[in-house]
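1. build me a model:
(one chain, ligands or ions: 1)
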Amino acid sequence: MKRIVIVGGGYAGFYTALGLERKLIRSDEAEVILIDPRPYMTYQPFLPEVLAGSIEPRDALVSLRKNLPRTRVISGSVVQITHADKAVIVRPYAGDDYALSYDVIVVTAGVVTRTFPVAGLKQGAIGLKHVEEAIAIRNRLIASFDRAAAELTVGPQRRRLLTAIVVGGGFTGVEGFGELLSLAECLLPYYPELKREDLDLRLVQASNRILPEVSERTAARVLKSLERRGAQVHLNTQVVSAVNGRVVLSTGEQFDTNVIVWAAGNGANPIIAKHTDLPVDSRGFLIVRADLRVGTEDLLIRDAWGAGDDASVPDLSADSPTGRVVANAQNAVRQGRLLAANIVASLRGRSARQYVHRNLGTIATLGVGSGAFQSGRVGFTGFVAWLIHRAYHVYAVPTWERKVRVLTGWCISALFGRDIVSIEDEQHPRAAFVRAGIPEHHTTFMCDESTTNEVVNTA
Ligand SMILES: Cc1cc2nc3c(=O)[nH]c(=O)nc-3n(C[C@H](O)[C@H](O)[C@H](O)COP(=O)(O)OP(=O)(O)OC[C@H]3O[C@@H](n4cnc5c(N)ncnc54)[C@H](O)[C@@H]3O)c2cc1C
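-> Residues are numbered from 1 along each chain as shown. Alright, predicted model coming up:
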């Protein structure tokens, strides 16, 4: 029996495993193993709404074990792929690394947030690619409102708490910023101590326009709508330093902030770029043919397949022969499905099909009631674009259970408003328990008066 190992259970990996489960009718045809450090697939387009509190964090996740019952799921990271030996090295959550052999490898490990050597970035910024990051940004903004409202005087500390910055004017950055703005707008009525003009929300973009994925006209409308809502958008600007929350821009402007969201694009997954003998391009992306096999038309690497954001796939729908498929969910899902079909075809001695997909368009959320839409030359912003965004994503999120949960959540929010509670202490769940005072283990709790007093005093 062939062993198929899938590295990464995001969009492309999840749909590959799902397709293999459906197509490999006889269970002795192949064993499918999926390796991912996370036990879930993240529906990333929902992260901006998780940040804003419009979607419950767990509803943006799809359990791998629950939805892939015939796949063996390993919780761990692949730290090396040696195709010459047909083996991967797995780093489990606990315990030592171990080697796992395979007959067929599928590389769908996605990308990482691209960073630059900016002082203070590593210590203070948060990305927007994982659900934990979306939760942390939301908690931090709400906690900042709570703290700012408790300040007696309007001073630098209060200003810092009410300042937030998103770096990156691409899709992720603009959606994240629009939803951050929407969360702040929703919070204000509950904080009579704070006024709209106290807020300082900024979007920083290195180039001369935002949203390169849509037309210039649509992008300009999005920019205007953000500015109308009181945001500051800095074009042709970079963050040059962010030490201890003090942001310095390339224009020379400086300000303090409590929230720095970094969404400045995608970088190659280090495992693909540096820890494999599979071929990668100059950017560190896996070189994949149009049929999703690793290699080129001249050099085929047998039994290795790749798809999704980590792969550089020829775009057969493009006019230029050197065009590559855009890295987005639209393509990752379709590639995952085709990958499953092609692997099964190759196991049964049939030929693989090529990946061809013409982009359907782009939709973005900019906060409740506001969105952007672009398909070909048709582009518009506003409420209808936002409705299309929601309708499309509730249709596209995998599993009926998640669709129902997300839709129900939206209906509840429409009736009662969004939840505005920060549970920032979730990051330190033992803090209250430890603060309560834990008696030393050599004392007898009931009889030791000093310890008992300490507990009472601390409490
Ligand atoms: C905020 C946000 C909004 C987005 N909105 C849209 C949108 O509206 N429309 C759209 O088309 N696209 C959108 N995208 C892009 C889309 O989500 C990605 O293109 C898509 O997730 C790519 O799928 P993938 O399977 O290649 O990678 P991912 O979905 O990122 O999955 C990669 C998986 O590999 C795992 N992994 C990584 N390294 C290893 C390792 N060493 N070993 C084992 N596993 C590993 C990861 O844990 C992850 O589960 C958005 C992205 C973000 C961040």
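
2. based on its surroundings, how many neighbours for I388?
-> 17 (other C-beta atoms under 10 Å). The C-beta positions use only the backbone N, C-alpha and C, and glycine is treated the same way.

3. that one: what secondary structure?
-> Per DSSP: H, G, I helix; E, B strand; the rest coil, the local secondary structure of I388 is helix.

4. check contacts around it.
-> The contact partners of I388, taken as C-beta atoms under 8 Å, 6 or more residues apart in numbering, are 363, 371, 373.

5. of the residues you listed, closest to the ligand?
-> I363 (6.4 Å; C-beta to the nearest ligand atom).

6. can you give me phi and psi for the closest one?
-> Main-chain torsions, I363, degrees, to the nearest 10: phi -130, psi 140.

7. now it, nearest residue through space, not along the chain?
-> In this structure, I363 finds its nearest non-sequential neighbour in H389, 4.4 Å apart by C-beta to C-beta, 6 or more residues apart in numbering.

8. show me what contacts the one you found?
-> Contacts for H389 (C-beta under 8 Å, 6+ apart) come out as 363-365, 371, 373.

9. next one: L360
-> By C-beta under 8 Å, 6+ apart, the contact set of L360 is 330, 375.

10. with V434 instead?
-> V434 neighbours (C-beta under 8 Å, 6+ apart): none.

11. which SS class is it?
-> Under three-state DSSP, V434 falls in the helix class.

12. now do the longest strand seen in the chain: everything it contacts.
-> Under DSSP state E, the strand in the chain containing the largest number of residues is strand 72-82. Identification of contacts with strand 72-82 by C-beta under 8 Å, 6+ apart yields 7, 9, 31-39, 64-65, 88-93, 97, 100, 105, 107, 109, 271, 275-278.

13. again, only this time at 7 Å
-> The contact list for strand 72-82, computed with C-beta atoms under 7 Å, 6 or more residues apart in numbering, reads 7, 31-35, 37, 39, 64-65, 88-93, 97, 105, 271, 275-278.

14. now, of those residues, which are buried?
-> Neighbour counting over these (16 or more other C-beta atoms under 10 Å) leaves 7, 31-35, 64, 88-90, 105, 271, 275-276, 278 as the buried ones.

15. among the residues you listed, which are within reach of the ligand?
-> With C-beta under 6 Å from any ligand atom as the criterion, the buried ones among the contacts of strand 72-82 include 7, 35, 271 near the ligand.

16. which of those fall within strands?
-> Among these, DSSP E puts 7, 35 in strands.

17. switch the ones next to the ligand among the buried ones among the contacts of strand 72-82 over to a markdown table; also include distance to A345 and pLDDT.
-> Putting these into a markdown table (distance: C-beta to C-beta, whole Å; pLDDT from 0 to 100) gives the following:
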| residue | distance to A345 | pLDDT |
| --- | --- | --- |
| V7 | 21 | 98 |
| I35 | 24 | 98 |
| I271 | 27 | 96 |
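
18. and the residue nearest the centre of this protein?
-> Central residue of the chain (C-alpha atoms, centre = their mean): K129, 2.1 Å from the mean position.

19. and what about that residue, helix, strand or coil?
-> In three-state terms, and counting by three-state DSSP, K129 is coil.

20. and the gap between it and the ligand?
-> From K129 over to the ligand the distance is 5 Å, taken as C-beta to the nearest ligand atom, to the nearest Å.

21. quick one on the thing from earlier: tell me which of the contacts of strand 72-82 fall in helices.
-> Applying DSSP state H to the contacts of strand 72-82, the entries found in helices are 64-65, 271.

22. turn the residues you listed into CSV, including distance to R72.
-> Below are the ones in helices among the contacts of strand 72-82 laid out as CSV (distance: C-beta to C-beta, whole Å):
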residue, distance to R72
L64, 10
R65, 10
I271, 20
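
23. pick the one among those residues closest to the ligand.
-> Taking C-beta to the nearest ligand atom as the measure, the ligand lies nearest I271 of these, at 4.2 Å.

24. report the contact partners of that closest one.
-> Contact analysis of I271 by C-beta under 7 Å, 6+ apart lists 78-79, 109.

25. what number of residues are in the vicinity of the residue in the stretch 1-150 of the chain positioned nearest to the ligand?
-> In the stretch 1-150 of the chain, the residue found nearest to the ligand is G10; the distance is 1.6 Å by C-beta to the nearest ligand atom. G10: 24 surrounding residues under other C-beta under 10 Å.

26. next: G245.
-> When neighbours are counted by other C-beta under 10 Å, G245 comes out with 18.

27. check L415 too.
-> Neighbours around L415, by other C-beta under 10 Å: 7.

28. let's see the pLDDT reported for it.
-> With respect to pLDDT, L415 scores 96.

29. average pLDDT for stretch 337-344?
-> Mean predicted confidence for stretch 337-344 is 97.

30. burial count for I55?
-> By other C-beta under 10 Å, the residues close to I55 number 24.

31. what sits against the residue of the stretch 251-400 of the chain found nearest the ligand?
-> Taking C-beta to the nearest ligand atom, the ligand has its nearest neighbour within the stretch 251-400 of the chain at G308, 2.3 Å off. Residues near G308 by C-beta under 7 Å, 6+ apart: 10-12, 108, 110, 332, 335.

32. quick check: closest non-adjacent residue to it.
-> Closest residue to G308 apart from its sequence neighbours, by C-beta to C-beta, 6+ apart: A12 at 3.2 Å.

33. where's the one you found, which helix or strand?
-> Element membership for A12, per DSSP states H and E: helix 11-23.

34. which other residues reach that helix?
-> Against helix 11-23 from outside (C-beta under 7 Å, 6+ apart): 4, 6, 9, 32, 34, 36, 41, 62, 64, 68, 70-71, 106, 108, 307-308, 329, 332-333, 335-337, 339-341, 343-344.

35. which ones among those map onto helices?
-> Per DSSP H, helices hold the following members of the contacts of helix 11-23: 64, 329, 332-333, 335-337, 339-341, 343-344.

36. relative to R159, which of those is nearest.
-> A329 (37.7 Å; C-beta to C-beta).

37. just give the closest residue to the closest one, not the sequence neighbours.
-> The spatial neighbour of A329 that comes closest, neighbours along the chain excluded (C-beta to C-beta, 6+ apart), is Y11 at 5.4 Å.

38. perfect, I'm done here.
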